[in-house]
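> next come a sequence and a model predicted from it.
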Amino acid sequence: MSVLQLSHVTKRYGAFIAVDDISFSVEKGKILSLLGPSGCGKTTTLRMISGFEVANEGAVMFSGIDMKGRRPYERNVGLLFQDYALFPHMTVVENIAYGLKHRKFDKAKIPDRVAEMVSLVKLKGFEHRRPGRLSGGQQQRVALARALATYPEVVLLDEPLSALDAKLRQELRFELKEILAAVNATTIVVTHDQEEAMSLGDSVIVMSGGKIMQQGAPTEIYADPKTRFVAEFIGRSNWFSGQLAPGTGGLAKFKATSGINMIVPVSGGHLTGGQYDVCVRPERIQIDAATVASAGTPVNEIRGAIRDIAHLGADLHLVVEIAGGQLLTVTEKYTGQTLEQTGQEVSISFRPRDCIVVPSGS
Amino acid sequence: MASGIFAGRSKTAESLMKSLKSTTLLLLPGLVLFLAFLVLPLANIVDESLRLFEPGRIGSAKDAPYTLANYAEILQPSYLIYFAETFKFGILSSLIALVVSFPIAYGVARQNNPFWRKLAVGFLIGMMFLSTLVRVNALQLTFGPTGYAQFIAGLLDVSPSGRFYTEMVVTFGLLHYLIPISALTLIGTIQNLNPRLVEASQVLGASRLASHLSITLPLCIPGLVSAFLISFTLCLSAFVVPMILGKGKVLFVSNLIYARFSEIANYPSGSAVAITMLVVALITIYALTWMVSKWHGDLK
């Protein structure tokens, strides 16, 4: 049975529909990411799970039990706030013990549980400091320990890494995953940051306008987006709009409005002819056709000129202008190769299977 | 390169000097006023309080000898009772004001509708513009023999001319301006409180009451103490309220000082009472502030 299940949940504020008939479930020990731009309804969803908001329709169920009418303190949820919301007048230990005290744990066992949490989040030696005297990363760990101490049924993380700087973020992401796995927590991560969502989540739900756009494993969401919104929201993308001809053998001809012809994949024949958008990820595009042509498969080849090269350390970001003045973004790994020059004429290429076809305007 | 850095540094030093100069210049008028009209008169009072008073005179003689008699006098029970009375009303009224104004402030601070919030704040500020004489006379009428509130005396089974009833009316008189001022002070404190903290405590299993007692109240202590101190200071200097509503039964130190100065022209005695009151009040305020800052100091 799912530990957490939402079925047909809708939340309205007056005429505004914040969350529109969403359903999903999470299995024990799994991490689900709710990803979307601000105002997509992900935070409202989180607040409905924790009990601060009440759904107008639908049900929020913990292990099959409807949470209707239960206040936040009558549910067993662990919530990690974006700004941590640590109690400034309490020490690390007092913060962690707070939930245990108020959830009426056996008083004699509280110190042991607190010590266990302190060592889980590696904060030994900081037990009697107040949050104001801890670094951002340490504060986050206290908040996590506090949220996990009461053995919550569901753990909710609100933008858990966004308040940290880039380097610390990477470090803590790994730690966070390890800690959540150690306690086998069933977790929901709410975020607008695709990196955070994809790196933490076993599966990802992309939301927009209160609706679920797509749900799947991170790789699936990235490689096989079903709509233009999802493809654009996750990762960088180059777009061609145009006409798709009915295809055979899994491949079809596509003629972009700019006049460029290419071959794209059509899976299962559900893509009939008509208006479609084609997306090509920047890292799938090769500059200099020779390397790809040798693979012996059909290749889409476009001529263009380099407009800009940005060297970002490990990566190179190139902007290539093609027919009709369209600009494509191309990324390459920098492995010491001789760099192309701005203004240089090049041939760019990508395989049909590097193309993602989605219905036009989706 | 090195000379560039050096030049830069000396430039900053120069501009620092300049800003220091202009700071002093800008402070000067204020300092002069402060010295001439606050410090010197106060020094004058201190001097006066140490002079020997001869009955029949107005104030002390120009060359009256120095003495501590005026201060020694204050230790007599007939004087101390004024201090006790003032502190009793000050502490009690300030505490009642806190209890009443905290929910008001909380309601206003957490009000989502800007219209109602502005209206409430405007009302509280408006209350403070009311002249003390107006509010005192309004209360006098309300609680007096013809006032509608006199039924309270019956309700409490006390005489409307008795001491308890008078003390109650004096307390109401003080509360009339203490409540708006405490509420306004507390609104800021509560607004600065991160609402996520209360949510965090509720998610951790604390009921609304438990969350209020363990999170909201402790974090509001500095604000509560400031509100208390402001109220308390206002009570200590209250003059019109005890004079009119107290009907001679309740008298504060201010009334004593007034009587010494204006009724019997014993300036040295009035001065000594005033200085004693100032010192006692300052000690109380500093002690309270020190205690709270010690407890609350390393939160931020």
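In hand now; what should we look at? If you're wondering where the values come from, they're calculated on a predicted model, not measured in any experiment.

> any low-confidence regions in the stretch 1-150 of chain B?
B:1-12 (pLDDT under 70).

> for it, which residue gets nearest to chain A?
Nearest residue of the stretch 1-150 of chain B to chain A, counting by Cβ to the nearest Cβ: residue B:112, 11.9 Å away. Every C-beta, even on glycine, is put in place using the N, C-alpha and C of the backbone.

> residue A:7 pairs with what?
Residues in a beta bridge with residue A:7, per DSSP bridges, are residue A:59.

> what parts of the stretch 101-250 of chain B come near chain A?
By the rule Cβ under 8 Å from any Cβ of the partner chain, the part of the stretch 101-250 of chain B lying against chain A is B:194, B:196-197, B:199-207, B:210-211, B:214-215, B:218-219.

> Provide a ChimeraX selection command restricted to the buried entries of the residues you listed.
In ChimeraX, this line selects whichever of these come out buried by 16 or more other Cβ atoms under 10 Å in any protein chain shown:
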select /B:194,196,197,199,200,201,202,203,204,205,206,210,211,214,215,218,219
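
> the residue of the stretch 1-150 of chain B closest to chain A and residue A:83, how far apart?
Noted for residue B:112: a distance of 20 Å to residue A:83, by Cβ to Cβ, to the nearest Å.

> between those two, which one's more packed in?
Just comparing residue B:112 and residue A:83: by other Cβ atoms under 10 Å in any protein chain shown the higher neighbour count belongs to residue A:83, 15 against 6.

> residue A:277 belongs to a strand?
Yes. Looking at residue A:277 with DSSP: H, G, I helix; E, B strand; the rest coil, it is inside a strand.

> quick check: the residue nearest the centre of chain B vs residue A:309, distance?
Centroid-nearest residue in chain B, with Cα atoms, centre = their mean: residue B:233, separated by 2.3 Å. Per Cβ to Cβ, residue B:233 is found 69 Å from residue A:309.

> and if you look at residue B:34?
66 Å.

> look at those two and report which has more neighbours.
When residue B:34 and residue A:309 are compared for neighbours, residue A:309 comes out ahead with 17 against 12, by other Cβ under 10 Å.

> which other helices and strands contact the strand or helix carrying the residue nearest to the centre of chain B?
Applying DSSP states H and E as the criterion places residue B:233 in helix B:217-236. Applying 3 or more Cβ pairs under 8 Å, 6 or more residues apart in numbering or on different chains; DSSP states H and E, we find helix B:217-236 packed against helix B:77-109, helix B:163-191, helix B:267-296.

> give me whichever of those is most buried.
Comparing the helices and strands packed on helix B:217-236 by mean neighbour count (mean count of other Cβ atoms under 10 Å in any protein chain shown), helix B:163-191 ranks first with a mean of 21.

> distance from the chain centre to that one, please.
Centre-to-centre, helix B:163-191 and its host chain are 11 Å apart (Cα atoms, centre = their mean, to the nearest Å).

> tilt between it and helix B:217-236?
Interaxial angle, helix B:163-191 versus helix B:217-236 (axes from the mean of the first three to the mean of the last three Cα atoms, to 10 degrees): 130 degrees.

> output the contacting helices and strands for helix B:163-191.
On a contact count with 3+ Cβ pairs under 8 Å, 6+ apart, helix B:163-191 meets helix B:77-109, helix B:114-129, helix B:132-143, helix B:151-156, helix B:217-236, helix B:240-245.

> mind redoing it with 7 Å?
Applying 3 or more Cβ pairs under 7 Å, 6 or more residues apart in numbering or on different chains; DSSP states H and E, one finds that helix B:163-191 makes contact with helix B:77-109, helix B:114-129, helix B:132-143, helix B:217-236, helix B:240-245.

> now the angle from the first one to helix B:217-236?
For helix B:77-109 against helix B:217-236, the angle by the same axes, to 10 degrees is 130 degrees.

> residue B:215 against residue B:198, yeah?
Yes. When contacts are counted by Cβ atoms under 7 Å, residue B:215 is listed as touching residue B:198 (5.8 Å).

> hang on, residue A:281 packs against residue A:232?
No. Here residue A:281 lies out of contact with residue A:232, judged by Cβ under 7 Å, at a distance of 11.4 Å.

> comparing those two, which residue is more hemmed in?
Legend: neighbour count by other Cβ under 10 Å for residue A:281 and residue A:232, higher for residue A:281 (20 against 15).

> give the contact list for the more buried one.
Applying Cβ atoms under 7 Å, 6 or more residues apart in numbering or on different chains, we find residue A:281 in contact with A:235, A:236, A:237.

> and the gap between it and residue A:306?
Going from residue A:281 to residue A:306 by Cβ to Cβ gives 19 Å.

> just to revisit the earlier point, just want the angle from the helix holding residue B:233 to helix B:267-296.
Orientation of helix B:217-236 against helix B:267-296 (the same axes, to 10 degrees) gives an angle of 180 degrees.

> and helix B:217-236, which residues are buried?
Burial within helix B:217-236, assessed by neighbour count using 16+ other Cβ under 10 Å, is assigned to B:218-220, B:222-236.

> try stretch B:17-28
Within stretch B:17-28, no residue counts as buried by 16+ other Cβ under 10 Å.

> what does the stretch 101-250 of chain A put close to chain B?
With Cβ under 7 Å from any Cβ of the partner chain as the criterion, the stretch 101-250 of chain A meets chain B at residues A:102, A:103, A:130, A:132, A:133, A:146, A:150.

> out of the residues you listed, which are buried?
Neighbour counting with 16+ other Cβ under 10 Å marks A:102, A:103, A:130, A:146, A:150 as buried within these.

> state the pLDDT value of whichever residue of the stretch 251-362 of chain A sits closest to chain B.
The minimum distance from the stretch 251-362 of chain A to chain B, using Cβ to the nearest Cβ, falls at residue A:311 (28.2 Å). For residue A:311, the model assigns a pLDDT of 88.

> contacting residues for it?
Applying Cβ under 7 Å, 6+ apart, the residues contacting residue A:311 are residue A:334.

> what's across from it in the sheet?
Beta-bridge pairing of residue A:311 under DSSP bridges involves residue A:316.

> my read: residue A:339 touches residue A:308, true?
No. Counting by Cβ under 7 Å, residue A:339 stays clear of residue A:308, with 12.0 Å between them.
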